[in-house]
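structure for the following, please:
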Amino acid sequence: MFDQLDALVLARIQFAFTVSFHFIFPAFSIGLASFLAVLEGLWLKTGKPIYLDLFKYWLKIFAIGFAMGVVSGIVMSYQFGTNWSKFSDIAGPVIGPLMAYEVLTAFFLEAGFLGVMLFGMNKVGKKLHFAATLMVAMGTFISAFWILSVNSWMQTPVGYEIGASGQYLPGESWWDIVFNPSFPYRLVHTVIAAYLTTAFVVGGVGAWHLLKDRANLHARKMFSMAMWMAAIVAPIQIFAGDMHGLNTLEHQPQKVMAMEGHYESHPDGAPLILFGIPNSDEKRVDYAIEIPKASSLILKHELDAPLAGLDTIPDDEEPPVGIVFWSFRIMVGIGFAMLGLGAWSLFARFRKKLYEWPMLHRAALVMAPSGFMAVIAGWVTTEVGRQPYVIYNLLRTADAVSPLDAPAVAASLLAFIVVYFAVFGAGVWYILHLMHKPPQAGEYGVKRGDTGPIRTAGITPGPSQNPGDPDTLPRDHEEASDGR
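Here you go, the predicted model:
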């Protein structure tokens with residue numbers, strides 16, 4: 001299988017494989033930590049046990065996802081020394097401190113409060129436990145901050161000096177390195193993507209349980225909250241993505257050329273190629289379906305604005321157009337599908353049918369993994385679009401790899417494939433097993449009275465109530481479902 005591949009290609013495949021597994025867990029835990037903080041805050045503010053039930057329901061899922069994210073991240077770190085030692089040596093004076101800051105801030109913060117968050121509900125005061133939840137949520141954001149700063153510096157390197165040994169050294173100001181030109185856009189775009197990923201998972205789980213029991217108040221609540229998130233945040237994400245694209249056009253134009261499929265320059269306005277088959281041998285997109293001058297309108301905000309193509313870039317500096325072209329379209333297509341589902345949920349909410357339309361619930365269930373697919377497609381677009389450089393315009397990927405033999409890298413890659421699918425496959429299966437169980441009142445042992453859990457099956461709103469909002473159900477129904 002690997003006999004025709006050299007050590008460089010195998011090392012790239014190995015890093016892509018491990019980072020793809022890793023990325024899905026932080027993308028979920030960043031948003032889920034904030035969702036848990038919102039749920040606990042709403043419980044403290046309103047006193048409604050439904051929020052506490054949902055907090056306990058998602059807390060177990062968060063713990064498993066968080067653990068798998070940490071473990072998979074450690075494996076990636078080792079590859080900097082094993083497979084990419086030249087990169088580590090050359091860029092270490094800049095990259096190393098930034099990654100160390102993540103450990104000193106994010107990991108220490110999460111480690112200090114995670115235990116209280118997971119096991120301290122009945123052992124510490126409510127406010128202290130809520131503070132711990134906030135600290136964990138803040139820790140996940142800080143972790144994203146530093147990792148994205150590192151990645152963004154590799155995309156748009158500034159603030160460095162070249163030492164006598166050829167290393168990249170920090171210049172006069174670390175702030176120039178941390179807040180490099182692409183970092184603010186990349187941070188906003190990625191964090192919002194994490195929130196949307198979580199929202200669609202929560203919405204999908206809520207939809208699954210609504211299809212089985214439309215009267216489940218807990219399923220109604222989390223589906224409603226997820227659809228609000230989709231309706232409000234999806235348009236913001238599309239706007240943030242547009243701003244990020246304009247920044248990429250300014251600092252990494254060949255990446256945008258590959259994304260758009262522009263092999264040729266267009267002096268009088270570039271078309272927007274919706275679909276087609278990139279043909280890098282002939283330098284064209286075969287069977288292209290395009291909108292004339294729309295790309296210039298999007299990227300330059302003028303119909304006749306000129307756009308340069310890959311014909312202005314040396315062949316050995318072109319990224320792999322086919323991969324970037326299609327991964328970008330997958331990401332954008334999923335983004336507009338999210339927007340459509342959010343708009344559909346708003347229409348259903350307006351018609352007071354949010355919990356009454358099975359087709360909406362089935363669509364939300366199908367869209368549950370869409371956030372993961374979008375973030376992976378976005379990562380592929382970002383990283384493959386930077387090729388052939390590992391540090392843009394400074395260090396080529398071929399010059400960053402360790403002096404390893406291909407069989408050694410192939411053996412470790414095969415080991416990773418077997419272990420990852422076994423270990424993380426089991427973890428994902430258990431998460432899905434937990435999601436399969438419906439959230440119920442008082443099921444998770446939280447002390448709040450002598451009454452036991454009471455199932456919500458069979459509860460229906462009264463004729464004068466609004467079925468589109470669980471908070472407007474008759475009070476005796478809500479109290480019964482909450483176990484009070």
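
show me where the stretch 301-450 of the chain has strands.
389-391, 395-396 (DSSP state E, counting those that start in this stretch).

and for the stretch 51-200 of the chain?
For the stretch 51-200 of the chain, applying DSSP E, counting those that start in this stretch gives strands covering 160-162, 168-170.

so which elements touch the last one?
In terms of contact count using 3 or more C-beta pairs under 8 Å, 6 or more residues apart in numbering; DSSP states H and E, strand 168-170 is assigned the packing partners helix 85-102, strand 160-162. For the C-beta atoms, the positions are set from N, CA and C on the backbone; glycine is no exception.

thinking again about what came up before, tabulate the strands of the stretch 51-200 of the chain (a markdown table), appending distance to residue 273.
Below are the strands of the stretch 51-200 of the chain laid out as a markdown table (distance: least, C-beta to C-beta, whole Å):
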| stretch | distance to residue 273 |
| --- | --- |
| strand 160-162 | 36 |
| strand 168-170 | 36 |
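
circling back: out of the strands of the stretch 301-450 of the chain, deepest packed?
Counting by mean count of other C-beta atoms under 10 Å, strand 389-391 has the highest mean neighbour count of the strands of the stretch 301-450 of the chain, with a mean of 22.

ok, it: who's next to it in the sheet?
Here strand 389-391 has these sheet partners by DSSP bridges: strand 395-396 (antiparallel).

and the average pLDDT for the partner strand is what?
Averaged across strand 395-396, the pLDDT comes to 92.

and stretch 184-194, by the same measure?
pLDDT averaged over stretch 184-194 gives 95.

ok, and for that stretch, which residues are buried?
Using 16 or more other C-beta atoms under 10 Å as the test for burial, stretch 184-194 gives 185, 186, 187, 188, 189, 190, 191, 192, 193, 194.

wait, the second one touches residue 151, no?
It refers to residue 186. Yes. Shown here, residue 186 and residue 151 form a contact pair, counting by C-beta atoms under 8 Å, at 7.1 Å.

what is in contact with those two at once?
Between them, residue 186 and residue 151 share these contacting residues under C-beta atoms under 8 Å, 6 or more residues apart in numbering: residue 382.

name the residues that touch stretch 187-201?
Contacts of stretch 187-201 (C-beta under 8 Å, 6+ apart): 26-28, 30-32, 34-35, 141, 144-145, 148-149, 152, 226, 229-230, 233-234, 236-237, 240-241, 243-244, 338, 364, 367-372, 374-375, 378.

list buried residues within those.
26-28, 30-32, 34-35, 144-145, 148-149, 152, 226, 229-230, 233-234, 237, 240-241, 244, 338, 364, 367-368, 370-372, 374-375, 378.

which residue ranges of the stretch 251-400 of the chain form helices?
253-260, 294-300, 321-350, 358-366, 370-386 (DSSP state H, counting those that start in this stretch).

just checking, what packs against the fourth one?
Spelled out, it's helix 358-366. Going by 3+ C-beta pairs under 8 Å, 6+ apart, helix 358-366 lies up against helix 183-212, helix 217-251, helix 321-350.

of the ones you listed, which approaches residue 82 most closely?
Of all these, it is helix 321-350 that lies closest to residue 82, at 25.0 Å by C-beta to C-beta.

nearest residue to residue 51 other than its sequence neighbours?
Closest residue to residue 51 apart from its sequence neighbours, by C-beta to C-beta, 6 or more residues apart in numbering: residue 43 at 3.8 Å.

element containing that neighbour, please.
Remark: residue 43 resides in helix 7-46, with elements defined by DSSP states H and E.

and that helix with helix 183-212, angle?
Inter-element angle recorded for helix 7-46 and helix 183-212: 70 degrees (by axes from the mean of the first three to the mean of the last three C-alpha atoms, to 10 degrees).

which of the helices and strands packed on strand 168-170 sits most buried?
Using mean count of other C-beta under 10 Å, helix 85-102 ranks as the most buried of those, with a mean of 18.

for it, give the mean pLDDT please.
Helix 85-102 carries an average pLDDT of 91.

what does it contact?
If you take C-beta under 8 Å, 6+ apart as the criterion, helix 85-102 is touched by 77, 80-81, 142-143, 146-147, 149-150, 153-154, 160, 163, 166-170, 174, 177-178, 390-391, 395, 399-402.

how far out from the middle of the chain is that helix?
Taking C-alpha atoms, centre = their mean, to the nearest Å, one finds helix 85-102 lying 24 Å from the centre of the chain it belongs to.

again, but for stretch 316-331
For stretch 316-331, the distance to the chain centre is 19 Å (C-alpha atoms, centre = their mean).
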